[in-house]
Each structure stands twice: as structure tokens, then as C-alpha cells.
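[1] sequence and predicted structure, then a few things I'm wondering about:
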Amino acid sequence: MNRTYSYKKKINSPPGSLVYTGTKTSKKPEITLISYSNRHYEEKKINDQSKLEEILPNIDTNKGVFWLNVDGLSEPLILEKLGTAFNLHPLTLEDILNPHPNQRPKYEVYDDGLFITVKHIDWNQEQYNLIYEQLSFVLKPGILLSFQESEENVFLPIQNRIKTAKGRIRTMDSSYLLYALLDSVVDRYFITLENIGDVIETLESNISEKNNPKIMREIHRLKSSITFMRKSTWPLRDVVNTILRSENDYIDQSIYIYFRDLSDHIHQVIDTIDNYRELLTGLMDLYLTSIGNKTNEIMKVLTIISTIFIPLTFIAGVYGMNFKFMPELNSPWGYPIVWVIMILISIGLVIYFRRKKWI
Amino acid sequence: MNRTYSYKKKINSPPGSLVYTGTKTSKKPEITLISYSNRHYEEKKINDQSKLEEILPNIDTNKGVFWLNVDGLSEPLILEKLGTAFNLHPLTLEDILNPHPNQRPKYEVYDDGLFITVKHIDWNQEQYNLIYEQLSFVLKPGILLSFQESEENVFLPIQNRIKTAKGRIRTMDSSYLLYALLDSVVDRYFITLENIGDVIETLESNISEKNNPKIMREIHRLKSSITFMRKSTWPLRDVVNTILRSENDYIDQSIYIYFRDLSDHIHQVIDTIDNYRELLTGLMDLYLTSIGNKTNEIMKVLTIISTIFIPLTFIAGVYGMNFKFMPELNSPWGYPIVWVIMILISIGLVIYFRRKKWI
Amino acid sequence: MNRTYSYKKKINSPPGSLVYTGTKTSKKPEITLISYSNRHYEEKKINDQSKLEEILPNIDTNKGVFWLNVDGLSEPLILEKLGTAFNLHPLTLEDILNPHPNQRPKYEVYDDGLFITVKHIDWNQEQYNLIYEQLSFVLKPGILLSFQESEENVFLPIQNRIKTAKGRIRTMDSSYLLYALLDSVVDRYFITLENIGDVIETLESNISEKNNPKIMREIHRLKSSITFMRKSTWPLRDVVNTILRSENDYIDQSIYIYFRDLSDHIHQVIDTIDNYRELLTGLMDLYLTSIGNKTNEIMKVLTIISTIFIPLTFIAGVYGMNFKFMPELNSPWGYPIVWVIMILISIGLVIYFRRKKWI
Amino acid sequence: MNRTYSYKKKINSPPGSLVYTGTKTSKKPEITLISYSNRHYEEKKINDQSKLEEILPNIDTNKGVFWLNVDGLSEPLILEKLGTAFNLHPLTLEDILNPHPNQRPKYEVYDDGLFITVKHIDWNQEQYNLIYEQLSFVLKPGILLSFQESEENVFLPIQNRIKTAKGRIRTMDSSYLLYALLDSVVDRYFITLENIGDVIETLESNISEKNNPKIMREIHRLKSSITFMRKSTWPLRDVVNTILRSENDYIDQSIYIYFRDLSDHIHQVIDTIDNYRELLTGLMDLYLTSIGNKTNEIMKVLTIISTIFIPLTFIAGVYGMNFKFMPELNSPWGYPIVWVIMILISIGLVIYFRRKKWI
Amino acid sequence: MNRTYSYKKKINSPPGSLVYTGTKTSKKPEITLISYSNRHYEEKKINDQSKLEEILPNIDTNKGVFWLNVDGLSEPLILEKLGTAFNLHPLTLEDILNPHPNQRPKYEVYDDGLFITVKHIDWNQEQYNLIYEQLSFVLKPGILLSFQESEENVFLPIQNRIKTAKGRIRTMDSSYLLYALLDSVVDRYFITLENIGDVIETLESNISEKNNPKIMREIHRLKSSITFMRKSTWPLRDVVNTILRSENDYIDQSIYIYFRDLSDHIHQVIDTIDNYRELLTGLMDLYLTSIGNKTNEIMKVLTIISTIFIPLTFIAGVYGMNFKFMPELNSPWGYPIVWVIMILISIGLVIYFRRKKWI
């Protein structure tokens, strides 16, 4: 995984200070305010911070669900303003701005809302690693705030679904919107895992053919990716289960079945991840065995050739000696007899190797 | 395991939409409605969807137990109709239609019934892997719905048992029918495991004889199969235990002892699976050691032959030199003495190797 | 472990049908009815099934403790009769008749009694594996039923203790008898483990001497045996702990301290098993290292001999060339100088190897 | 890790006796008393023990927060005085003076305060290991005592933050001060882990280039360091969680959110540590495979050269024999034909090796 | 570990029978009765069993704490008498007499007292293994009984501390005495671990120097020792924690803090043990890698020498052939040119090896 984060940026500043510690600083924040209900849909893009202050007072949760999506975190000032407007705790703002790769999915309940942060994960085939970004949600009755670092809006499909009134989303409240967004994140995990699964399958079928040392590195990288996904998914399950167990006012009882379904999907993701881990461990074993087998095969060829020719060469060496008195040398049958002996020795050794099943 | 599933089919459709994501799409759905009680047995086959609507209103749970078995899931429309008729939640229908290999056995309680989904697993000796399909059950007082993807009806033995009134099934209610179906699924696991056990046994007795690299691959595949079974069995235990712990109206108290027995059988399945896992790990170790031993043996032969003949060849080489003044060459005893020396060296080395226990 | 069981015998029969699935079918069942109290002891052997019916009605728990021991399970009819007489559940009878190797020790509470099944385990030194058989107990107030498959009565020592009124057994009730029988089973585990411990010790002292590949197989088999014992002991602990935690009427409060002691012994068995597992893993590592070391040693000898003689042979080869103009050949010092050079090279290489600590 | 501790110093003295068991004995204790509130800040350095007694009575918690920092533990007498003044339990004093490397972070509640001890950890790049020291805190309403062994004051940044009134620290009570100090300790863990992460990254990119055996040792040392950090962090999480769960008077409810945030950071530290552990295990596998691959490559070169030249040398040996009757020797085509044969053999073998993909 | 125990001694005797199963049978039991309070100290040695009966009735817990230490367990009769005098359960007496190596530390509460058994462990450097013995304690209000097998009194330091009134022990009750004895046992664990730590350190610095196969055996033995200590310490933690959680009358509330401190020390012991386990695993990996590296190095030397000289020897062989028509042989430049070619080949190969970084 590329290091996209440096903790040192923040060190020695007091806790709760607002500094964006991620790397996607080029992205200018884009704020979208969507309000919808059974009957209406409205969407406003806010590119100018100053306009933010004009619009915020107009939010009236009686009129339907309000969804404020902040895309790009490079300007902490916007967060500060939102924090004041929606009464967010400084530590919540700090968490939103702090996309540490090991920042685990997290769930915090406040008196007037709840805060969730998760990772959005994609597989980058070219670079052979995962791309992730941190998503944060603040749910209040009738209002959902969402925050993303990304250069492209990952919530676009949901936005379109609301716009076109597909499914039941327009008839439900803000907690269903939260569910829908989390569900789209988990769906993306499935896609990411299918992509990784394809890579593993390719690796598996190649493992005995191309025996290059790079395979081990690829397995190593895939394992790291899988481990990273696991780290991001396990706590997410806890988050959703805690939501399910907790009695709270922000999530309607009728929505619970959806969160239960989400929890079930997360379980499937974890099972798939565990499955891939075992597959990769198995592949590593297969690869190491194939190396061992290859060494064995090479050894066998060397042994067979050496074992056959070393005695023959010795015999040839003997009759290459220059002793004056070597009766065999003068016999006319000497040369053919030596050949016969040498051929017999070779045949004998070949039979011996066959018995040992080395050939 | 063959990939029989693609998640991508479903992505970007809102949660709860009915799309069959499995691969057994050729099978035309066959619906069987069985009604039975202590005194009567009736069976209707419905091949035409339109007839479905005629029959459904006739279900009267006072007359006995009604079992509606849907065999083949390629037409989501049927499910939609059944969903409306039996008041099933859209997410339940989605689960029935979604036979993801990592869809874990699952248990959902609704106000008027309970939903269970499990995997039916078979061992395919020719392809050397597992065949599985997803089975779903909806239990309501007096009514059991069952859903299967399969090309052959896996519930046929139970159906026959009801028809012939074998055992106590005709005298019991619909929750006993659910138990009987789940029990037949778990019995199938035992058969599958015995088949895998036979394969492992064959492997074990072959491991030192045929030393081909394919063994490692076979162990790898068996391990994956075993892992898959484990993934399908563990949550099933939780499902049954949750049923046992929960207070519900759908399952009669007198049936609990049967579910407890089922839970015990699942435990045995899991123990057998764990046993096989350890056996396979042990086999892998055995195989790797046997490779190591083979390398050792080859090395030994090479070393012995080389070590004996290399010095002899050197001696022969020395007396093959063409120096004018080599007194040994002219001595009539030169040649026999060299032979004696060479034989003594060989004998010495053989004794040395014997002491080292290499021969 | 030998396969002594086939699940396929039972498949497709409805749950609760009485079929003996074990292999010890030659043994004719022998039934012993022992009744004892502080003052009397009575023992009846029943070899004829029909007599069973005469005796059963005579059991009067006011007169003392009644112990009915069934030795041999090949005739399900007897069990059926006992089941009717003592009001046993069909599933209990099925469990008694089903000695699956992975049938874990199990505990079932009924309204009028409790049912326990455990494994009796012995080490067979000749066949180098474990022999086990399933023991089942039904405890009712004043009555204990015990069932065994075995060809020899494993409860004989307890029977003798009762007969001779040794220890406190004659003064206690039927739950103490249950404890005494379970305790004798666990004591047998200690003996079995000591036997296995002796085998491991022998293996440990042999591991570097006889380096044959069979050792790995022996470790593998011992590991399987140990795993099997672990599987049979862990749930037994749970069984005893559940008895201790549960409030029931069949076991007197004063007997609890004995069951606690039994639980402690089971803990010791498990600790010993875990200890042996680690020892065996350690032995495997030792064995693999000793193979590695052996390969190393062989390699060293080969390398030393080759490295010394290959250059010498080359030199001899050079002066074996037949070039017309080779001034060295004609010099009278040629031959001795070549010898000096060759000896110097050997000495140099020997010193080099000594420095490398290869010799 | 260097051994900086000897338990033997203390043995046979009764529990609770005050002996400093650490190694940083050269440091003369320096005591700093800081008192601050929203409006004032005061700092006194006490280098003379006797002055301690003058100052202590002046502490009046109504005037604001009092923070007494003891830097250097070589004089147990000072601790005894503080113990008497602040009513500390002898075992608490013993814990403060006992910086055992395996002294785990610990939390003790007394009637009038709470005691926490943690490890401060730094990475020493030159010595390639961790430097740690023990920090202890005693929190009482309005008063915080802190103890450190260190030669440099690790709390200086916090001290400065208070002095300059940066952040909200001046407006909060003594439990926030405790939080701020613990937070600075955990922040230091992040820095330490980033340093270790850099070392791992360097190692990872070097692993196939420089193949020296030292890499294994470096991985071994890093693993030990990581394990040590893990041992110091896991219990810290428990400590903070226990604080969060416990109902106590020393920590204000409004501070709880900060401790929750701290707990979350500790989680991140643990996740990073686990991540590094897996990375290091992966690196070890990579390294071992690269050794295996190297052996293979060496073997291949040896095999190819030997296998090509051994038969050729044999042929040359044959025609070096001195038999009188060797017709080939007299043929004018003998020599060129032998060359052709030898070249053909070489080409054949090269083709064979290419097919086997060894070249 | 030496086998110092045989279970077979006891088998077939009814539970609760008093047989000493240990091996330290030569030690004649020595009984010491110490009574002390704030003001007095009294010590009586009882070597004659009959005197035991005279003294026991004199114990009056109003006068202070009574500590009866039994040193040597070879005479079960003494235990029987004490059992009657102090109303000990037969199973308790059996536990005291049964020093099975896997007898885990254990805690039993009776109506009028509590029973604890732990292991005292020492490192024996000469035999390179652990020496242990079982210690048992019975605590009653005002009275502590202690039992040891040992040939030397392991409680002597505590005895002296009481005699000299060092620390607070004389002012406390019998439960503090229990704490002090357990604390001395745990302190001994630290010493034992420091000794083992020294051995590990020596091993670590030797691992690459002396590469003898014995190292693996030593690691194996150390691992067994460490595992044994772990087995004896883990349950001890549970024992102490259970004491802390339980509400009982034998241990004064004010003593709880000492037991909490003891629990903390046990935690440190366990952490140290875990640390050593990982260190030993790391050492094993280091050792195996160093073997692998050594094989590699040997292979390299062999390959380099062979690869250089095999082609040269072939060339020499070619010109050693006796063909009549070999024009090179007659050329005056033949011999020097061959030398030049051979030197060029050697140089070329050396350069090749340098590039491959084998030299």
C-alpha cells in the first residue's frame, strides 16, 4: 500500500485541532445539498463557501430529508462552519479530517445524532494494490451529512436513484438514506473482492507454469491488501451490530431489518476475505512446494548424468594411464571389452534409477 | 470451486430488487403442493404459473400441514407472487434468489413466521470438488415453503416418507417437517464427508508411493472444499441454537428435542471437518518431508558415487600424464599397485559411509 | 484410526430409528442387574431377553441403588424394551446405538432423568493407535443404566468395589455411582496418556539415531490419536461443568464436590494432551532439522572431496595432453614439481575449509 | 532489547519496600510544581528535598489545577515523603519505583484517587531497538502527580501548551490534564511506529538485493520490538476502557469523550502493530523464498555446466585411452567426427534445458 | 522434564484414598508450628507424630496467627490426623498428596476455610530443566496450614521475616500470611525466569557461531520448560482473581489490595513467559535460516569450483586424445594457446559469478 498519510503533520498540536492529514489536497471541496421527499426533489451545488451560510438556515426537516454531501476535505474552514451549524464535537471534526489508513470504522453516539466513519475501498489493477478513502456520516433526525475525500463522487449512483425515485428510497427517512449509502459501500467491497478473486485465480493457474520469484511478491502484496480489507470490515460489523442493539431515536424500528441485512452482507464480505486468505496461504505452500519439486528434478538430472558418467570416465582414465606394463592395452579385444563393460555399467545404473523411480 | 456466481449482475440495483444471481437458469421452476395430516395425503404439481393463483387460496391450515416446494428459481415472477400471497419481506425474497457461495446459513424471525437458508452440499468425485446449492425455508404455522435451485429434487426421500407414512412425520406439525428437511440436509453432509474421507484415505496411502507434484494440488483442493463446508456448517449451528434459545410460536416445545439432536449432529459434522483439516495439514507435512527425504536420498547416491570415483579418477589422471621422467610408469609393479591403491581407497570410503550410516 | 463405523448404514431411515451402526456386532448382549445398599448386595445376570421382562418390575428404589449394565449393543430389540420400561426418548436410544467416532460426549436432561454419553479410550501399542468404545449412562433417582459395546466389561473394577464394599460407594446414592463410573473412565485416560507418553519419550530419544522416514508417520499417527482424545475430552469437561452449574434433582448436593474433583481431573487430562501436542510439534521440528543437518553434512563431504580433487584432476589432465611442444614434460623436475603443487593446493584448501569450520 | 532491569535487586525484601529497580540512577530528581487555572499560571522548580516540605502544604485545589511532576526516581526518600503527603499506598510507591520491562500498563482505584502507570516508548535508530521508560500518574481531585525516570522531561510540550494557554487545556480540570498527558504518550507511539514503518519499508525494498544473513536478525529484532510495543499497548486499552466504564468522581463526565477518542487512538496503534507483525512475517517468508530461489539458481548453473561437460569429458577420456587397437584413432576423420559428436551433444542438452525452462 | 510421577500407583484405588504419588519419599516429614502476633513469636518443631496430638488442641486463634507448616509428605498418616483435626475433606487431602506435574493450581472454598495448591518452580542449570514441587495451603480464620514435598524449607525467608518482625507481617492476620507465602512463590518465578532469560541470551549470541545440531535440542527443552511454567501460572492468575471476586470471610477486605498486586505480578510473569516463547520461536527461525544460509554457501563454493574446472578439464581431456591426425598437437603454439584459452574461460566465469554476486 502506498503511504498516503503522515501522522507527523499533526503531532504536537493539541487534540481536536483541525488539520487535514490526508494526501488528496488538490481537490477543491464541492458541497451538494439534496432535499427530497415522497413528492419533491431538489439539488443545489455550493462551490463558494460564503454561500454555505445562506443556505444552511433554510434546512427544515419537516419538508423531507436533507442530505448534505461534502466532497473534498482540503479546506478545514468549511468543516468548522458545518461543525458550528450542526453542533458537531471538535473530536468528530478531527476524525473526519484524519484519514489514517488504520483509522478503523467507528461509531459515536451524541445526544442529538450519530457519527459513523467507514473506508471506501477499490482495487487498482495497474498498481496492484487497494485505493481507499475515508467516508464519514453524521445522522440527525431528518438530516444526513456525508464527507468524502474522493476526486469522484462515490455516492453518485444513490443520488441518481433518489433523483429518479427508483426503489423505495424516496418514501423513507434519513436513516434509510444512511443505510443505502453504507450498503453501496459494502457492495463496492464485493466488487473489489471479485476483482481480487480474479487476480488470485490467474495466479493459481500460473503458479506452476511461470516459476519466477515475482509470484511470491505478488502473493505478499495480495495478502497485505486482504489484511487491510479485513481490518476495515471487522469493525464495520461491530458498528452495524451496535446500531442494531442500541436503542436510539435516529433510526426507525422499521429500518432495522435493512441494517440486519447489511450486517449479513458484511459477514459475507468477511467470509470471502477469510476464504481468500486461506487460498493465498495455500498458493504460497503450492509455490514453495513447486520450488522444492523443481530443485528435486534438477538434482535428479544432475545425479543421473553424474552417476552414469563418473565411473565410465574413471575407466577411460585407467586405460589412459601410461604404464609400460599394462597387458590389457596390447590385447586386440581390450578396446571392445572396455566398451562392453561401460555399456553394461550404464544399463545397470539406468535400471537401478528406474527401480528407484527417479526416471 | 467453480465460480457459479457473479455479484456484478446485481450491483447498482437498489436493495431488495428480485434478480436471480445463480447459474442454474436452465431449470424451469416446478412447484409441488403437498398437504397431509394423520389421515390424508395429497400432492399437486403446478407447472403453469397462472394455476398458482387458483390453488393458493385453498390452503387451510386446519386441514393439516401444507408444504409448498419450489424447485428452480429462474423465474423471479413466481417468487414475487408467492411473496405477496404469503406476505414475505422483499429482503427475504432477495436472499432466496441470491445463492452466493459465501451466503452463510441464516435465520430471520418475522412477526408471522421464520426464514432459514442453508447450503445443500455434495461431493463430485470426477471434478474433485463440491457441488452446492442454496435451500431456503419459510415456516409459518401449518405451512412450510421450501425453495431450491436444483435440477433434481433433493427433498424426494422426505416426500416419499410422508407419502408412505413412514416414521412419525405424518403425526407431527409443520415445524417437524422443517426439522426433517434440515436433518436430511445434515445427513447429506455426513455422506459428503465420508466421500471426502475416502479420498483422504486414498491420498494418505499413496503419499509415499507416487510422489508426483499433483498431490499437493489435490491436498490444496480438498482443503478448500473442507473450508467451504466449515463455512456452511458453523453458522448453521448458530441458526439451530438460536432457534432453541428463542421463544417462538412456530416451533412446538415437543419438537425442541429434535432440534437439539440436529444441533448435536451439526457438531459432529464440524468435529469431522476439523479432524479432516488436521489430517490434511498432517498429509502436507508428510508429503513435504517425503520430498525432503527423497532429495536427501538422491544427494546421498550422488555423494557416494562422486566421492568414491573422484579420487580414483585423479589417480588415473596422474598416471596419464606424459612426463618423461616418471619412474612408476616403468616399474612392472606400477599398474597392479595403482589398482590395489584404488581398491583400498574405495573400500575405505565405503567403510566410512557405512559408519556414517549413509549406505 | 481404523474406520469402525459407517454412517451410510443409517442414511434415509427416519430420525430415531434403532439401528446399531458400530462394528462390534459379534458380541451377544449381556445384561447385569446389581442392586445394593449399605447392607445388601445382589447381582443377577440376564442372558435371555425374555427374562428381562420378568425382572424389570421388581426394581424398587426404596430398597437401595439399582444398576443395570448392558454389555453389547448388537440387539436393538433389548434397547427398545428397556426404552419402554424406563421411558427413554427414541433419540436417546438412537444415540446409545450410534458409536460414531466423532459423537462427542453429550449431556441431555429429561423430566425424569439425565443421559450422558462418553468415550472409553485405550492405547493399543501393537497397532499403534487408540481403541475406543462408546459408553452411555441414564441416571434416574435410585437407578443407573449403563450401556457399553465392549467385548470385556470395563466397569468390572467398580462392580468389585461395590461387591467388596471398598470405599464409600455402598453408602452413597446412584449419582455417586455415576460419578464413580465416569471417574474410572477418566482414570483410564490417564493410563492411556502415560502409555502415549512412553511412546513419545522413546521417539524423542531415537529421533537423531534412527533417521528413517517412518518417524514422521509415527508422529503423524500419534498426533491424530492425541487430537482424537482431545475431541473426546473437551466436551466431557463441558458436560461435567454443566452438571455442576445446573440445578437438578438427580444429583445430590453433597456429591457435587466429587464432580468438581472429576472436572479438575479432566482439566489435567486436557493439559497433558496439550502438552503432548506441543511435544509432538517440537519433535517434528527436531526431526526436520535433523534431516536438514544431515543434508548439510552430506553436502559438505561432497563439496570437500570435489573441491580438492577437481583442480588436481585438471592439473593431471593438463600434463596428459599430447602436445608436441610442452617443455615441462621433458624436464626431469616436472613430475615432482607437479606433485608438490598438487599437495600444496590440497593443503591450502583443507586450511580454507578449516577456517570456514566445515571440517 | 537491552536488559535495563534486574529483579534480583529486590528479592527477599518484604512486599511494599521502596527500592528503585531501574537503571537510570544517575539522574538527580527534579521536581516541578505547576499550578494553573483559566487566569493564572505558576511554575516552581524544587531541587532540594527539604524545600518539598515547605511547598506541599500550599496546595489549594480551589485555586486551580496543581500538577507535580517528579523527573528522576533515584531517591526513594522523595517518594516516601510524597507518599505521606498525598496518602499513597505503599504498593503504589513500589509500582512507581519498579520499571520492569514487563510491568504492564495498570490502573488502580483508591478511595481518594486513581493511579495509572504506562510506558513511554521511542525508537532508537542507531541501536536498532526501542527505548522505553515508565511513567506513573496519580490523579486526585484538582491534583495530578506524574513520575518519570527520564533524563529529559517528556512532558515538556504539554507544559508549554499550558504555559502559552494553547488549546482548551487551561479551561479544564485535572482529569483533562491526565488525558492530555496520556494522549501525548500515545501520539509518541504513532511517531515510533512511523519510524519502525520506515525501517520495514527499507528492509522490504532491500530484501532481494542484499541477500545477507543479517536481514533475518534485523527482522527478528524488529519483531521483538513490535511485540514489546504490543504488550505495552494492549493493557493500556483496557485501562482506558475501564476508566470509561467505571463510575468515578475523579473524571468529569464531559471528559469522557476525550478518553473515548484516546481509546480509539490506542486501537489504531494496535492495528498498526498487528499490521507490522504481518508485514514482518511476510518479509521473513519473502526472504526465505529468496534464499530458496538463489539455491535453485546456483543448482541450475552447476547442473547445466556439469551435465554438458561430463559426457564430453568422458568421450575425450575414451579417446585418450592407450589401447593398441583403436581403429578410430588412426582414421583421419576421427578427430573432426568426435568434435562434431561433442558439439551435437552440447546442442542437444541445451535444447533439453530450454524445454525444461532451466535456461 | 524428568518424570517424577506415576499415575499408575493410584489407579484402581477408590477416589479419596490417601497415597503419596510423588517421588520425594526419602524426606522424613517435619512439622513446624509457629504462632505470632504483634507482641509475641513462638516456634515449635514436631518430629514425632505422637506429639502432634498433644499440640493441636492448644491452638487458640485469639492469641494470634497460627501457622502449621508440614515439610515432607511421605507419611500419609500425618495428613490423616491433620485432616481429622482441622476437618479437611478427603479429596483435599488427596490433592495435597498428589503432585502430578499437570496438577494445575487450584482453589477450593469450603464452609470453614479455603484450599489452594500451587507449584514452586526453580531452574536447574546443570540438568538444563525445571525443578518443581507442589505447595498446598489451607486457610482458616487465624490458622494457615502449609504443605510442601521439598527437601529444603522454601518458606524459610518468610519464617525469618516473621521472627525478626520485618515489614508489616506481624501486624496482619492469617490471610496476609497466605498472601506473603504466595508472593514469595511468584517472586521465585521471576528469579527462575531471569535464569532462563540468561540461558536464552547466551543461546542467542551463540546461534551463528557454534552451529551444532544440539542448539535445536536446547531450544526444544527450553520451550518445554517455558510451556510448563505457563501451565502453572495461568490458572494461578484465575485462582487469585477468583479470590478477589469472591466474597469470603477468610480474607480481610484490607488485604485485597495485596492480592491485586499479586495478580499483577502473575500477569508480569505470564507476559515474560509469552515473551520468551516468541523469542525461542524467533531463535528457531534464526537457527534454521543460518542452516539454510550455510548450505547455500557450501553450494556456492562447490558450484564455483566445479563450474570453473569442469570445462578446463574437458579441454585438457580433448588434447589428451590419441588421434593420429590432430593438427593442434603439432603446432608449437598449441600448448600456450590452450593455456590462454583456459585462463580466459576462468576469468570469464569469475566475472560472471561476480555479476551474479556469488563471490
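    Nice, I can see it. Numbers count the residues shown, from 1 in each chain, chains lettered A, B, ... in the order given.

[2] in chain A, spot the helix with the most residues.
    Secondary structure assigned by DSSP state H gives helix A:256-318 as the longest helix of chain A.

[3] can you name the next helix or strand after that helix?
    Using DSSP states H and E, the next helix or strand after helix A:256-318 towards the C-terminus is helix A:327-330.

[4] so how far is that next one from its chain's centroid?
    Offset of helix A:327-330 from its chain centre (Cα atoms, centre = their mean, to the nearest Å): 78 Å.

[5] and it, anywhere near chain D?
    Yes: using Cβ under 8 Å from any Cβ of the partner chain, helix A:327-330 reaches chain D at A:328-330. C-beta: built from backbone N, CA, C; applies to glycine.

[6] what's next to whichever helix or strand comes after that helix, contact-wise?
    Following helix A:327-330 in sequence order, the next helix or strand is helix A:334-355 (DSSP H and E). For helix A:334-355, contacts defined as Cβ atoms under 8 Å, 6 or more residues apart in numbering or on different chains pick out A:304, A:307-308, A:311-312, A:315-316, A:319, A:328, A:331, A:359, D:321, D:323-326.

[7] and if we set it to 6 Å?
    A:304, A:307-308, A:311-312, A:315, A:328, A:359, D:323, D:325-326 (Cβ atoms under 6 Å, 6 or more residues apart in numbering or on different chains).

[8] among those residues, name the buried ones.
    For the contacts of helix A:334-355, a burial check counting by 16 or more other Cβ atoms under 10 Å in any protein chain shown picks out A:304, A:307-308, A:311-312, A:315, A:328, D:323, D:326.

[9] quick revisit: now the contacts of helix A:334-355 in CSV, please, with extra columns for pLDDT and distance to chain C.
    Shown next, in CSV, are these (pLDDT from 0 to 100; distance: Cβ to the nearest Cβ, whole Å):
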residue, pLDDT, distance to chain C
A:Ile304, 87, 16
A:Thr307, 87, 13
A:Ile308, 90, 17
A:Pro311, 90, 15
A:Leu312, 91, 15
A:Ile315, 90, 15
A:Glu328, 83, 18
A:Ile359, 72, 21
D:Phe323, 85, 15
D:Phe325, 84, 19
D:Met326, 83, 14
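
[10] those also near chain B: which ones?
    Counting by Cβ under 6 Å from any Cβ of the partner chain, A:307, A:311 from these sit close to chain B.

[11] which two from the contacts of helix A:334-355 end up farthest apart in space?
    A:Ile359 and D:Phe325 (35.0 Å; Cβ to Cβ).

[12] shouldn't A:Thr21 be in contact with A:Asn98?
    Yes: at 5.1 Å, A:Thr21 counts as touching A:Asn98 under the criterion of Cβ atoms under 6 Å.

[13] same drill for those two, tell me which one is more crowded.
    Using other Cβ atoms under 10 Å in any protein chain shown as the criterion, A:Thr21 and A:Asn98 rank with A:Asn98 on top: 23 against 18.

[14] give the contact list for the more buried one.
    With Cβ under 6 Å, 6+ apart, A:Asn98 has these contacts: A:Thr21.

[15] now A:Asn102
    D:268, D:271-272.

[16] I am finished for the moment; much appreciated.
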